[in-house]
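Chemist: Build me a model:
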Amino acid sequence: MSLYHETAGIVTGPSTHGGSLKSRIYGNKDLKSPPAQVYALAFESSKWSSILKEVVETSQLLKLERKITPTLSILLVHDLLLAKKGIALPASHGLRVAVEKHKARLQSEFSRARIRRKCPTVEAFRAMVDAQLGPAHPRWIRVNSVKSTIDEQLDTTFKGFEAVPSVEQVMASAATGKKVFHLDAHVPNLIAASPGVDFTKTPAYKSGALILQDKASCFPAYLLDPRPEDGDIIDACSAPGNKTTHLAGILHERGFAKDQKIIAFEKDAYRAKTLAKMVATAGSDPVTTIHPGSDFLKTDPSAPEFARVGALLLDPPAPGAASSGVTTPPSGFLHCFFEGYFVLNYDSIPASQSLFSQLWKEYSLSDSRYLTQNPFMLCIESLNLTPY
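Modeler: Below is the predicted model:
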């Protein structure tokens, strides 16, 4: 299967690996194409999707090439017009041939779209599209205290980075290309780093010393504030493991009580494998007992295993994050209703006091782009509705 078919399947299919685009791609073990390449194509095409849709429609590409789907047309036309190396397929490949024979017409419509938006050059056009995405968000990184310390990471992974006093300055670094970081004032061991810096290739990330975790995701364990005297701790909805390993990190700094453990539940067997892998990488597996495929709500609280439990963390998955490969009719209905509400009302949600607006505001705590009329988020949520 080609890069384009796989990417089209990701952006239009139901989520089986979490709600975000990145988690769908990097959590999909069936991909034949490099995940980084799939993510780049999906992200960039979504960013340009409204313009590319206009180009495809005015060029009548879909009428002339009936074997090309609307989603494939966006992906292929993006690479034809905007990628440095063009369409990433052999010259004789059917999809490439079908699109490239209309290259002159597509380029002409693209130029007209640019001129209509009063952009004198393609570079200015790119800048306009990027500006519509809003300010770049920082890369949030938690130092895993089970394996490392803030000071150690500042001397190694962040050597060469400049310390700045605010998150706003971290966000501004996206425009300058400078490498900066800011130590979060609220959550210990949390760092905001320059957007665009890839930490996944660093030794610290690969060893589990650094964990990529949004600030909003750090609050549950931080607010629970587990202590040795609390006894065992239950994490009722554990996968993929960020909060479970955060609990272990907090207790590691304070000192685990004798035989104290974290009990992690994950009712989806596939996600439980991800949880187990993350717990092992983070080095917290000796103090963590995982219940794979177990529904916390069906657990017997009087069982001897839970006699020493003194605290419980319950942070259910976000509404858009499916945890099963099979979408039941009720689940599909929820997708249509909840995500459909966002698509129809995205521009009025910030000022609205309705119940569903309030739910989306709560969801936006983990990704503020949902409240900024961000075109990329609107495109992704619209694509999510396609299968239903």
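Chemist: Could you use CA atoms for every contact and neighbour count after this?
Modeler: Fine.
Chemist: so how far is the first residue of stretch 301-316 from its last?
Modeler: Stretch 301-316 has its terminal residues 19 Å apart, counting by Cα to Cα, to the nearest Å.
Chemist: Let me know the average pLDDT across that stretch.
Modeler: Here stretch 301-316 scores 92 as its mean pLDDT.
Chemist: how about the strands of the stretch 1-150 of the chain, start to end?
Modeler: Secondary structure of the stretch 1-150 of the chain (DSSP state E, counting those that start in this stretch): strands located at 139-143.
Chemist: show me where it has helices.
Modeler: In the stretch 1-150 of the chain, the segments counted as helices under DSSP state H, counting those that start in this stretch are 3-12, 21-26, 35-47, 49-59, 61-64, 70-82, 94-100, 103-116, 122-132, 150-155.
Chemist: Out of those, flag the one nearest V164.
Modeler: If you check each of these against V164 by Cα to Cα, helix 150-155 wins as the nearest, at 13.1 Å.
Chemist: Now do the buried residues in the closest one.
Modeler: Of the residues in helix 150-155, those with enough neighbours to count as buried (16 or more other Cα atoms under 10 Å) are I150.
Chemist: Other residues contacting it?
Modeler: Contacts of helix 150-155 with the rest of the structure, by Cα atoms under 8 Å, 6 or more residues apart in numbering, involve 143, 189, 204.
Chemist: Which one of the helices of the stretch 1-150 of the chain has the poorest average confidence?
Modeler: Comparing mean pLDDT over the helices of the stretch 1-150 of the chain, the weakest stretch is helix 21-26, at a mean of 72.
Chemist: Could I get the buried residue list for that one?
Modeler: 21-22, 24-25.
Chemist: packing partners for that helix?
Modeler: Packed against helix 21-26, as judged by 3 or more Cα pairs under 8 Å, 6 or more residues apart in numbering; DSSP states H and E, are the following elements: helix 3-12, helix 35-47.
Chemist: Could you check the angle the shortest one makes with helix 35-47?
Modeler: What separates the directions of helix 3-12 and helix 35-47 is an angle of 60 degrees, with axes from the mean of the first three to the mean of the last three Cα atoms, to 10 degrees.
Chemist: returning to what we had before: which of the buried residues of helix 21-26 lies closest to S148?
Modeler: Checking the buried residues of helix 21-26 against S148 by Cα to Cα gives K22 as the nearest, at 26.2 Å.
Chemist: Now for the closest one: which residues touch it?
Modeler: Taking Cα under 8 Å, 6+ apart, we find K22 in contact with Y39.
Chemist: For H182, what are phi and psi?
Modeler: Dihedral angles of H182 (phi, psi; degrees, to the nearest 10) stand at phi -140, psi 130.
Chemist: residues near it, how many?
Modeler: Close neighbours of H182, defined as other Cα atoms under 10 Å, add up to 22.
Chemist: which ones are touching R105?
Modeler: Remark: with contacts taken as Cα under 8 Å, 6+ apart, R105 is in contact with S59.
Chemist: Distance of it relative to R112?
Modeler: In this structure, R105 and R112 are 11 Å apart, going by Cα to Cα.
Chemist: Correct me if wrong: E6 contacts P34.
Modeler: No. Distance between E6 and P34: 10.4 Å, which falls outside the contact criterion (Cα atoms under 8 Å).
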